[in-house]
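# Give me coordinates for this.
(2 chains)
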Amino acid sequence: MIFMSLAAIQGDALLFRAFVAVVFIGMIAALMYDLLRGGKYEFYRSEMRWRMSMFGGSGIQKPPGSLVFGAFVTDVLGARPLMECRSETGRWSSHLMMEWGFLLTVLVAVIRFFFYPAFAPLAPLNPLAVISNLGFAMMLLGLLWYLFLRVNVVYERNSVTRFTPADRFLFGMFAYSATAVLYEVVYYISPGGFSFIFMILYALGTFYFFLSAPWSKFSHIFYKGAYNVQQRILQSQGLVHTPPPASVSYIKRRE
Amino acid sequence: MCDGCGKCVDICPSDIMHIDPEMRRAYNIEPEMCWECYSCVKYCPMHAIDVRSYADFNPLGHTVGVLREPDKGAISWKVRFRDGKTKYFVFPVRTTAEGTIPPAHSLPEPEPASLESQLLSHEPDKLFVGSLPELKRGVKR
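Residues are numbered from 1 along each chain as shown, chains lettered A, B, ... in the order given. Below you'll find the model as predicted:
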């Protein structure tokens, strides 16, 4: 009877929707707290005021939608600034794997919220399940690859057990993706009460990851993306500190 | 936005740009010792560094922005003067692509007999000319 109740909980639509809603609201609240804490929002506002006083004036053009969309595609989805800054293909590729894997899992979660609301995993060959599993697999593979590429903490005179905000973000991503995969595997093997434990672990991993903005790098998902798009817009409006690219090249080919 | 790549740390001649170990971002540990060489500003690939002059030296405000483009061999400046005028300058930095100039240790060691030559090291090749004029030996003045 208990096992039947636990199985019913995993299939309860209201509970799943409530869970997703709490995670979403909690994520927004955590981001707001992170933004207001330490003067980040105030710094942003003062920076924009300075920029407008220095470079602004009348006749600032509203950016075209194509510019904003193009900036979103290249700078957010393609992580172009990361490639330009680091020039490391491995780091860029692993970052893209984690990013796109995360977006796929969130997309499936949103669809399931409206159409298939339940904790219980879908059938393995269900298209949503395939996309979701692909997303989690990409996150885990990208994470593993990234961990091999990251700086040698000991070489930088840090402890092996260093746990900075970046490390906490990676740990949260691992908790979210690993518990999801484990829950799905255990559910397929034994869809009864035993998988309920892994559902709880998955819920805890999801809470930890999505609400970790105050203590991890989670917020950079939004800050970096918004900043990159904003920089492209400001460049088009002439409100940036840097001059435009040179129209000539001084590199001469020697015969 | 700083990415923590550490290029400013490598380039700073005063070694005052360090990486914060917690946030993994660069910061100036001794701003009063900065002599505004702009090396970090030029080298930062994210253009995240800004030098704002001391208020006692520059009370009315000006801004200087720089963009280094190694693929064009150019460096561009955007200067906004105190009266609000903005001017742009572009200067050549080099005429060869970065990484194409071989380091000195990779060049072949010269022969001892070259000490008798009037030509300096790697002349005339590195001057991109066929030959250089030489003084004729044994000419009476």
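# Can you read off the backbone torsions of the spatially most central residue of chain A?
With distances taken as Cα atoms, centre = their mean, the residue of chain A nearest its centroid is A:Ile221 (4.4 Å). A:Ile221 adopts backbone torsions of phi -60, psi -40, taken as degrees, to the nearest 10.
# now it: how far from A:Phe169?
Distance, A:Ile221 to A:Phe169, using Cβ to Cβ, to the nearest Å: 9 Å. C-beta coordinates here come from the backbone N, C-alpha and C atoms, glycine included.
# Could you pull out the residues contacting both of those two?
Applying Cβ atoms under 8 Å, 6 or more residues apart in numbering or on different chains, one finds that no residue jointly contacts A:Ile221 and A:Phe169.
# And stretch B:34-46, end to end?
20 Å (Cα to Cα, to the nearest Å).
# Low-confidence ranges, the chain, go.
All of this refers to chain A. Chain A contains residues with pLDDT under 70 at A:1-4, A:56-61, A:85-87, A:151-152, A:253-255.
# not quite, I wanted chain B
Those would be B:54-60, B:137-141, if you go by pLDDT under 70 across chain B.
# Contact residues of chain B facing chain A?
B:1, B:3, B:5, B:21-24, B:45-47, B:50, B:61, B:63, B:65-67, B:69, B:71-74, B:76-78, B:80, B:86, B:88, B:90, B:92-97, B:128 (Cβ under 8 Å from any Cβ of the partner chain).
# Buried among these? Need that as a selection in ChimeraX.
Selection of the buried residues among the residues of chain B next to chain A in ChimeraX, burial being defined by 16 or more other Cβ atoms under 10 Å in any protein chain shown:
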select /B:3,5,24,46,47,63,65,66,67,69,72,73,74,76,77,78,80,90,94
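# Let's see which of the residues of chain B next to chain A end up in strands.
B:63, B:65-67, B:69, B:74, B:76-78, B:80, B:86, B:88, B:90, B:92 (DSSP state E).
# As TSV, the residues you listed with distance to B:Leu120 would be great.
Shown next, in TSV, are these (distance: Cβ to Cβ, whole Å):
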residue	distance to B:Leu120
B:Thr63	44
B:Gly65	40
B:Val66	35
B:Leu67	36
B:Glu69	32
B:Ala74	30
B:Ser76	35
B:Trp77	35
B:Lys78	40
B:Arg80	45
B:Thr86	45
B:Tyr88	39
B:Val90	33
B:Pro92	25
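# Tell me, how many residues neighbour A:Val76?
18 (other Cβ atoms under 10 Å in any protein chain shown).
# I'd guessed it sits against A:Val229; true?
Yes: counting by Cβ atoms under 8 Å, A:Val76 touches A:Val229, with 6.7 Å between them.
# what's near enough to touch the residue nearest to the centre of chain A?
A:Phe102.
# So which residues on chain A come close to chain B?
Going by Cβ under 8 Å from any Cβ, the residues of chain A near chain B are A:54-55, A:81-82, A:84-86, A:156, A:158, A:164-166, A:223-224, A:227, A:240-252, A:254.
# Selecting buried members of those residues in PyMOL, what would you type?
In PyMOL, a selection of the buried entries from the residues of chain A next to chain B looks like this (16+ other Cβ under 10 Å):
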select buried, chain A and resi 54+55+81+82+85+86+164+165+166+223+224+227+240+241+242+243+246+250+251
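# Which of the residues of chain A next to chain B fall within strands?
Among these, no member falls in strands (DSSP E).
# Among the residues of chain A next to chain B, which ones are in helices?
Among these, the members falling in helices (DSSP state H) are A:54-55, A:81-82, A:84-86, A:165-166, A:223-224, A:227.
# Make CSV out of those and add distance to B:Ile11.
As requested, these are exported to CSV (distance: Cβ to Cβ, whole Å):
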residue, distance to B:Ile11
A:Met54, 26
A:Phe55, 27
A:Pro81, 19
A:Leu82, 20
A:Glu84, 17
A:Cys85, 14
A:Arg86, 16
A:Pro165, 26
A:Ala166, 23
A:Tyr223, 26
A:Lys224, 23
A:Tyr227, 23
